[in-house]
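Visitor: with the sequence up front, the predicted model follows.
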Protein chains: 2
Amino acid sequence: MANLKQLAHSLGLSITTVSRALDGYSDVSAATRARVREAAETAGYRPNASARRLRKQRAELVAVTLPSDPGHVGPPHFLDMLSGCAEHLAAAGLNLVIAPVPRGVSELEICQRFVDGRRVDAMLLVRTKRKDERVEYLQSRGIPFVTNGRTESLVPHPFIDGDGFAGFRAATLRFHAAGHRRIGHIAGPQEYYFAHVRRRGWQAAMEECGLAIDLCAEGAPLEQGGYLAALELLRQPSRPTALVCATDEMAIGALRALREVDGGSQISIVGHDDLPMGAFTSPPLSTMRMTGENLGATFASLLLRAIAGEPAEDLQELHAVEFVDRDSHRRPPLAA
Amino acid sequence: MANLKQLAHSLGLSITTVSRALDGYSDVSAATRARVREAAETAGYRPNASARRLRKQRAELVAVTLPSDPGHVGPPHFLDMLSGCAEHLAAAGLNLVIAPVPRGVSELEICQRFVDGRRVDAMLLVRTKRKDERVEYLQSRGIPFVTNGRTESLVPHPFIDGDGFAGFRAATLRFHAAGHRRIGHIAGPQEYYFAHVRRRGWQAAMEECGLAIDLCAEGAPLEQGGYLAALELLRQPSRPTALVCATDEMAIGALRALREVDGGSQISIVGHDDLPMGAFTSPPLSTMRMTGENLGATFASLLLRAIAGEPAEDLQELHAVEFVDRDSHRRPPLAA
DNA sequence: AGCATTCTCCAAAACGTTTTGGGAGTCAAC
DNA sequence: GTTGACTCCCAAAACGTTTTGGAGAATGCT
């Protein structure tokens, strides 16, 4: 309840001294410092955040835009990542605000609203697009930011991403080595960088193996999208014997399509993200995951370094993608 | 980039007049108001948020605490709810900050940190416990808040909740009517209100039917928890023929246990939450869901009304729980 | 003693906004 | 020509903090 003025008055000291004592400056004697700290403690004093922010010209806030399209903000573990990130930012005195994008408003506008009103010190961007107007805007304003996912921006910016190209290429080659020749891809919306790069990984492997790249269907990155895309591929005259899916959610949707069409045990399948749910599907879903501990913490750390002014080139993390061996990829490559 | 002083200077007006023109006060002439608005527009003026907050003694921020226990912040659709809520709060000039609770810190401490530092105008609480210290604290400080889930607090507070008791009672009675006599319950941690009330609903139905309430196992509200709890019930000498699960995630874990133990098609099962994933499990998961459109918007609306000072009694919403008929609940009640 | 140095402390300014309490000026009524 | 009402504007205070630029006293050094 108390503010600095009251605290100073009750101690017979000036506001300046109390403020500096609490901040641990050396120009206040150890004795007074202890006395001030003690008094602040018992009075339950907390500096008023708005006042500090105004004076220090820092918002102590970071915003993350949450895409509302396509109907779903992100993979289910996404909030865990945000939570981990917020936790580490909080240790540095920054709070994380979530900035959903209402229908009919562009993500760019939301960025502008936060940046131009000096409501945030930095931004977090997720679900990057290949050409991402948010990135361009933030670069032009010189606001620190980190993206989850790369973009095709010509000027470098900080990011964390998994090497989806290598992951999907490896998964496809693995199927090829197991004898599969009809390997399909269930792709996410290609304007997203992650979806595009995963598709390219699959495509590169197919071309290396001299296989046709006709078995590709695109859908929303959700169960339903994967389901519909899988049905589309299963209608082909020469069906796939294996499916590489852009996300676990799409893979889970595809699993249902497989069950409906061929009883579910004929076609191999692999997803990406390592959702906890994947261990409980039928069959348990083989998948891939970005390596690295605690994505949220890494995210926070990169952001703090970006705020501290480190150059973008030093703040780019491309993580390897590792295979998670469960069961769904182990079906024999029988022609349907 | 501009502030009020610069804007006023460039217009040859006082700061006061510019400020009041922008806020639409009637004591500035229509002509000047238009002129000011025009200039503000072209200068890209946005009031400095920190300054306004300091002056108005409002943080323009709302925090939601995110429990980090047990290893997972909430059901997968939880972020959608938060996002919807944040969107509606933003329309009222409030931003939503997420406040994760680090391991080793109590949720209460996090609340205090935000409230005592006047960092927020109100709070959102999720995953309420039967006896919730956060609720007691916020009530004692007189800070507006809304909980997602009821508590056993003696003094009323605003909440939104589903009628888990009625839902689980009805589900259990439905199984009884279908001929089941060994109906088990997979319960969540009983300190949580939602878990406790769902268990009581099952129990009430069992007692009404004169059935023993021995088939109950408790676990973490995740797939793994449901899996282990189901295994425990399936080890009983007299197995259940139907399972009522506290959450869909637990139900999905239980589905795997059923597949492992009896091939998966013998025992009926029903969950709660209506996760999108449930439509894609094998078999598709019958479940329950709280009725009502757009939970996030309702949440935001209650919060705004709480801030406006409406009494808690008027801000309590108990929603009916409706059954979602898929397939997993339709197994015949064969003794195992 | 005189001077520089060090140790404590503080008054005042600044951050950018909103709001209070008027102050001119105009106009109509008396 | 005074009064009152009304319109349009503004100076200054306030919100609570951090930081600048010293001031005063004590100490050390020559």
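Guide: Perfect, I can see it now.
Visitor: got any ranges where the stretch 151-300 of chain A has weak pLDDT?
Guide: Residues of the stretch 151-300 of chain A meeting the criterion pLDDT under 70: A:264.
Visitor: show me where it has its strands.
Guide: A:159-162, A:183-187, A:216-218, A:242-245, A:268-270, A:287-290 (DSSP state E, counting those that start in this stretch).
Visitor: how many residues are close by A:Glu218?
Guide: Neighbours of A:Glu218 under the rule other C-beta atoms under 10 Å in any protein chain shown: 18. (Each C-beta comes from the backbone N, C-alpha and C, glycine too.)
Visitor: pretty sure it contacts A:Gln190?
Guide: Yes. With contact defined as C-beta atoms under 8 Å, A:Glu218 counts as touching A:Gln190 (6.7 Å).
Visitor: which parts of the stretch 101-250 of chain A are helices?
Guide: If DSSP state H, counting those that start in this stretch is used as the criterion, the helices of the stretch 101-250 of chain A fall at A:107-116, A:133-141, A:164-177, A:193-208, A:223-234, A:248-262.
Visitor: mind listing what A:Ile186 touches?
Guide: Applying C-beta atoms under 8 Å, 6 or more residues apart in numbering or on different chains to A:Ile186 gives the contacts A:216-219, A:226, A:229-230, A:233, A:243-246, A:250-251, A:254.
Visitor: and the residues you listed, which is closest to DNA strand C?
Guide: Set against DNA strand C, the nearest of the contacts of A:Ile186 by C-beta to the nearest atom of the strand is A:Ala246 (45.0 Å).
Visitor: so what's the residue count around the nearest residue to A:Ile160 once chain neighbours are set aside?
Guide: In space, A:Ile160 comes closest to A:Glu317 once its chain neighbours are excluded; the distance is 4.7 Å by C-beta to C-beta, 6 or more residues apart in numbering or on different chains. Residues near A:Glu317, counting by other C-beta under 10 Å, number 17.
Visitor: need the per-residue pLDDT for the residue of the stretch 51-200 of chain A found nearest DNA strand C.
Guide: Of all residues in the stretch 51-200 of chain A, A:Arg55 sits closest to DNA strand C, at 3.5 Å by C-beta to the nearest atom of the strand. pLDDT for A:Arg55: 96.
Visitor: check whether the strand or helix carrying it contacts DNA strand D.
Guide: In this assignment (DSSP states H and E), A:Arg55 forms part of helix A:49-56. Yes. For helix A:49-56, a contact with DNA strand D is found by C-beta under 7 Å from any atom of the strand, at A:Ala51, A:Arg52, A:Leu54, A:Arg55, A:Lys56.
Visitor: on that earlier part again, can you count the residues close to the residue of the stretch 51-200 of chain A closest to DNA strand C?
Guide: Using other C-beta under 10 Å, A:Arg55 has 10 other residues around it.
Visitor: now do A:Gly142
Guide: Counted by other C-beta under 10 Å, the residues lying close to A:Gly142 total 7.
Visitor: go on, A:Asp80?
Guide: Neighbours of A:Asp80 under the rule other C-beta under 10 Å: 22.
Visitor: same question for the one 3 residues further on.
Guide: Here the number of neighbours of A:Ser83 (other C-beta under 10 Å) works out to 23.
Visitor: can you confirm it is in a strand?
Guide: No. A:Ser83: not assigned to a strand; according to DSSP: H, G, I helix; E, B strand; the rest coil it is helix.
Visitor: just to revisit the earlier point, now do the same contact list for the residue of the stretch 51-200 of chain A closest to DNA strand C.
Guide: Listed by C-beta under 8 Å, 6+ apart, A:Arg55 has no contact partners.
Visitor: how about the residues of the stretch 1-150 of chain A by chain B?
Guide: With C-beta under 8 Å from any C-beta of the partner chain as the criterion, the stretch 1-150 of chain A meets chain B at residues A:44, A:46-51, A:53-54, A:59, A:61, A:63, A:66, A:68, A:72-74, A:76, A:78-80, A:82-84, A:86-87, A:90, A:95-100, A:102, A:116-119.
Visitor: so the residue nearest to A:Ile160, which of the three states?
Guide: Under three-state DSSP, A:Glu317 falls in the strand class.
Visitor: determine the number of other residues adjacent to A:Glu76.
Guide: Glu isn't right for residue A:76; it's Pro. A:Pro76 has 24 neighbours, counted by other C-beta under 10 Å.
Visitor: about what we covered before: for A:Phe78, see how far away the residue nearest to A:Ile160 is.
Guide: 18 Å (C-beta to C-beta, to the nearest Å).
Visitor: name the nearest residue to the residue of the stretch 1-150 of chain A found nearest DNA strand D, sequence neighbours excluded.
Guide: Closest approach of the stretch 1-150 of chain A to DNA strand D (C-beta to the nearest atom of the strand) occurs at A:Leu4, with a separation of 2.8 Å. With C-beta to C-beta, 6+ apart as the criterion, A:Leu4 has its nearest non-adjacent residue at 5.1 Å, and that residue is A:Ile15.
Visitor: any idea how chain A splits into domains?
Guide: Domain assignment for chain A, taken from automatic domain parsing, gives A:4-47, A:61-162+A:292-320, A:164-291.
Visitor: quick check: end-to-end length of the last one?
Guide: Distance between the boundary residues of domain A:164-291 (C-alpha to C-alpha, to the nearest Å) amounts to 11 Å.
Visitor: what distance do you get for the residue nearest to A:Leu4 to A:Asn3?
Guide: Per C-beta to C-beta, A:Ile15 is found 9 Å from A:Asn3.
Visitor: likewise for A:Leu82?
Guide: As judged by C-beta to C-beta, A:Leu82 and A:Asn3 stand 33 Å apart.
Visitor: which one's more surrounded, the two?
Guide: Shown here are A:Leu82 and A:Asn3; by other C-beta under 10 Å, A:Leu82 has more neighbours (28 against 15).
Visitor: I'd say the more buried one and A:Ile98 touch.
Guide: Yes. Shown here, A:Leu82 and A:Ile98 form a contact pair, counting by C-beta under 8 Å, at 7.4 Å.
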